[in-house]
Structure formats: C-alpha cells, structure tokens
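1. Sequence and predicted model, in that order:
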Amino acid sequence: MISIVFWFFVALTVVSAFFVVMNKNLVYSAISLLITFLGIASMYVFLWADFMAGTQVLIYIGGILILILFGIMLTHRITSVKISHANVQKGIGAVVVLA
C-alpha cells in the first residue's frame, strides 16, 4: 500500500513538472510548480527526511513560489507581452528526459 502511494506522488510530481514546462500561461505554470514542490516534499517524507520536507515547504513554497506569484500578479503589462516562443529543440529535450 505504501509503495502505491509513493508511486502516485512520483507520477503527480512528474506530470506537474511537465505542465510547468509546457504551459503558456504563467499563473498556471506557477500553480503546477506548487504541486511539483509538494510532490517533492512528499517524497522526502517517504525517505524519512522530515526536516528536508519541512524545509522544502517553508523555503521553496513559502518563499520562492510566493515571490514568483507576486511578481506575476503585480506586473501590469504581462498580458501584452508574448513570452512563449517556438523552440526547435523540444524533441531532443524530450528524448533526453525520457532517457
């Protein structure tokens, strides 16, 4: 039963990390980053590294991610800026990640 829960959190972390990279909307990407950080913290709990899990939650989620969200929300002209661009190396990157 424990291994099923562990693999669920691993799959959740990988899928949400995929959405961080592939989302065109920065707010959705930041929310996916939140889920990724929570998945990593849950994996620390399964490794009996409770201090690392708490540090992950406090520093990365409580500090860095909130600053990223504030930066996104407080930027006035974020809707008029085109951030996404065509990347020709997405296929090579996918092969490296899968390897």
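-> Yes, it's here.
2. for this protein, what spans make up the helices?
-> 2-22, 26-46, 50-55, 66-74, 90-98 (DSSP state H).
3. buried residues in the last one?
-> In other words, helix 90-98. When burial is assessed from 16 or more other Cβ atoms under 10 Å, helix 90-98 yields no buried residues. For the C-beta atoms, the positions are set from N, CA and C on the backbone; glycine is no exception.
4. Need the residue closest to the centroid of the chain.
-> residue 33 (2.4 Å; Cα atoms, centre = their mean).
5. any idea how far that one is from residue 62?
-> Distance from residue 33 to residue 62, counting by Cβ to Cβ, to the nearest Å: 13 Å.
6. so where's the protein shaky on pLDDT?
-> 76-87 (pLDDT under 70).
7. tell me the contacts of the residue nearest to the centre of the chain?
-> Shown in contact with residue 33 (Cβ atoms under 8 Å, 6 or more residues apart in numbering): 16, 20, 65, 68.
8. Could I get those residues in a markdown table, plus columns for distance to residue 27 and neighbour count?
-> As requested, those are exported to a markdown table (distance: Cβ to Cβ, whole Å; neighbours: other Cβ atoms under 10 Å):
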| residue | distance to residue 27 | neighbour count |
| --- | --- | --- |
| 16 | 14 | 18 |
| 20 | 12 | 17 |
| 65 | 12 | 17 |
| 68 | 10 | 16 |
